[in-house]
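**Q** sharing a sequence plus its predicted fold:
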Amino acid sequence: MRVRCIMRIFAVGMIMITCPSTGHAISTGMETDAASFRRSPVFFGRTHCPHCQAMHQWFAMDAWVDETCHQTLDNGPVATSFAADPPHRS
């Protein structure tokens, strides 16, 4: 049996929110790739703000992934199709 594989590579970025007091973008300290973040269920988070020194509460729908300073993660090969080996001829 032969297995056809592809490599999945994800650009990982920082989940960001906006400080409601200053309007500055702030990091939540969490990293993910944008596609996974879009598929994630709505969740609630808290982040300390370095701009106004407050603890901000936020929902995932109010956040975004900043991929400008990203890492690349290689999750290894992923099987995409299987094919039976051709019969051996004697």
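**A** Received, thanks.

**Q** so Thr22 sits in a strand?
**A** No: the assignment for Thr22, made by DSSP: H, G, I helix; E, B strand; the rest coil, is coil rather than a strand.

**Q** what sits closest to it if chain neighbours are left out?
**A** Nearest non-adjacent residue to Thr22, counting by CB to CB, 6 or more residues apart in numbering: His51, 4.6 Å away. Heads up, the C-betas are built off the backbone N, CA and C, glycines and all.

**Q** the bottom helix or strand of this structure by mean pLDDT?
**A** Least confident helix or strand of the chain, by mean pLDDT, DSSP states H and E, is strand 64-83 with a mean of 55.

**Q** and the residue nearest to Thr22, what does it touch?
**A** 19, 21-22, 24, 26 (CB atoms under 8 Å, 6 or more residues apart in numbering).

**Q** most neighbours among these, please name it.
**A** Among those, Ile26 has the most neighbours (other CB atoms under 10 Å), with 19 neighbours.

**Q** which residues are contacting the one helix or strand it maps to?
**A** Using DSSP states H and E, Ile26 sits in strand 25-33. The contact list for strand 25-33, computed with CB under 8 Å, 6+ apart, reads 10-19, 40, 45, 47, 49-51, 56, 58, 63, 65-67, 71, 73.

**Q** CA atoms only: put whichever helix or strand comes after it into CSV for me.
**A** The first helix or strand that comes after strand 25-33 along the chain, using DSSP H and E, is helix 34-39. Coordinates of each C-alpha in helix 34-39 appear next as CSV, following Å, rounded to 0.1, in the frame of the first residue of the first chain:
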residue,chain,number,x,y,z
ALA,A,34,-5.5,32.1,12.4
ALA,A,35,-7.4,29.1,11.0
SER,A,36,-7.5,27.3,14.3
PHE,A,37,-8.6,30.5,16.1
ARG,A,38,-11.5,31.0,13.7
ARG,A,39,-12.7,27.5,14.3
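
**Q** start at 88 instead
**A** I'll keep to 88 as the first residue from here, and by that count the last item is helix 121-126.

**Q** residues contacting helix 121-126, please?
**A** If you take CB under 8 Å, 6+ apart as the criterion, helix 121-126 is touched by 97-98, 100, 102, 147, 150, 152, 154.
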